[in-house]
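Undergrad: No sequence on hand, only this structure:
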């Protein structure tokens, strides 16, 4: 008798296609200050979202969340990249990705500074979908834990903090700002407590 294979979150055709799409666009990119392929980050975001039982669209958005921000090259524009994501993965996935993408200009077309981009990102979380907040939380959970893991593997904490924009103070403040903003929006999912633990641990690191 043919055994029916049950679909499980984290293993599906859309997710496989999302990894292929992300691998193509993050090709040759590495994690800042390491030799790790950049794809290890969206892969870990996908694992986190899958661990919490999120649906395929949310996991796909987690895999693609940095594509628009980091992969405009070789003649491709932001608009053409967004169009391709929408066509391949659907409007819901595209909207989630855009909700967690840093904008280069505001609604009036004014170019945003690095600090303004962060403020704009946090501000837009107020109206973002729960799927977007899940991706935001998973993204920052993996990033903050990556810093913690690197700190535990070295005797020279400066070598870790120095490769991060703004150093220790700005890095820790950002993760605290994200956590506080998720709290302010009323996002009460269990992943927030896991992120809180990582942020508190980072704040205690020298």
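TA: Received the coordinates, thanks. Computed from a prediction, not measured in an experiment: that's the story for all the values here.
Undergrad: I'd like to know how far residue 78 sits from residue 103.
TA: 10 Å (Cβ to Cβ, to the nearest Å). Using the backbone N, CA and C atoms, a C-beta is placed for each residue, glycine as well.
Undergrad: Which residue of those two possesses the greater neighbour count?
TA: Neighbour count, other Cβ atoms under 10 Å: between residue 78 and residue 103, residue 103 has more, with 17 against 14.
Undergrad: How about the more buried one, nearest residue that isn't a chain neighbour?
TA: Nearest non-adjacent residue to residue 103, counting by Cβ to Cβ, 6 or more residues apart in numbering: residue 120, 5.6 Å away.
Undergrad: pLDDT value on residue 179, please?
TA: With respect to pLDDT, residue 179 scores 98.
Undergrad: Hmm, it is touching residue 197, no?
TA: No: shown here, residue 179 and residue 197 do not form a contact pair, counting by Cβ atoms under 8 Å, at 10.2 Å.
Undergrad: related to what we said a few turns ago, can you count the residues close to the residue nearest to residue 103?
TA: Neighbour count for residue 120, taken as other Cβ under 10 Å: 16.
Undergrad: okay, residue 179 and residue 197: which has more neighbours?
TA: The neighbour comparison of residue 179 against residue 197 (other Cβ under 10 Å) goes to residue 179, with 21 against 14.
Undergrad: List the buried residues for the helix or strand containing residue 131?
TA: Element membership for residue 131 (DSSP states H and E) is helix 130-152. For helix 130-152, burial by neighbour count (16 or more other Cβ atoms under 10 Å) applies to 131-148, 150-151.
Undergrad: What ranges in the protein fall below the confidence cut-off?
TA: Along the chain, segments meeting pLDDT under 70 span 1-10, 70-76.
Undergrad: got the contact list for the closest residue to residue 23 other than its chain neighbours?
TA: Spatial nearest neighbour of residue 23, excluding adjacent residues (Cβ to Cβ, 6+ apart): residue 39 at 5.5 Å. Residue 39 makes contact with 19, 22-23, 26, according to Cβ atoms under 8 Å, 6 or more residues apart in numbering.
Undergrad: In contact with the residue nearest to residue 103, which residues?
TA: Per Cβ under 8 Å, 6+ apart, neighbours of residue 120: 102-103, 106, 112.
Undergrad: and it, that one's in a helix?
TA: Yes: assessed with DSSP: H, G, I helix; E, B strand; the rest coil, residue 120 lies in a helix.
Undergrad: any idea how far the residue nearest the centre of the chain lies from residue 40?
TA: Nearest residue to the geometric centre of the chain (Cα atoms, centre = their mean): residue 139, 3.2 Å. For residue 139, the distance to residue 40 equals 13 Å [Cβ to Cβ].
Undergrad: Let's verify residue 33: helix, strand, or coil?
TA: Following three-state DSSP, the label given to residue 33 is coil.
Undergrad: Now that we have the contacts of residue 39, can you turn them into TSV and tack on secondary structure?
TA: Output for the contacts of residue 39, formatted as TSV (three-state DSSP):
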residue	secondary structure
19	helix
22	helix
23	helix
26	coil
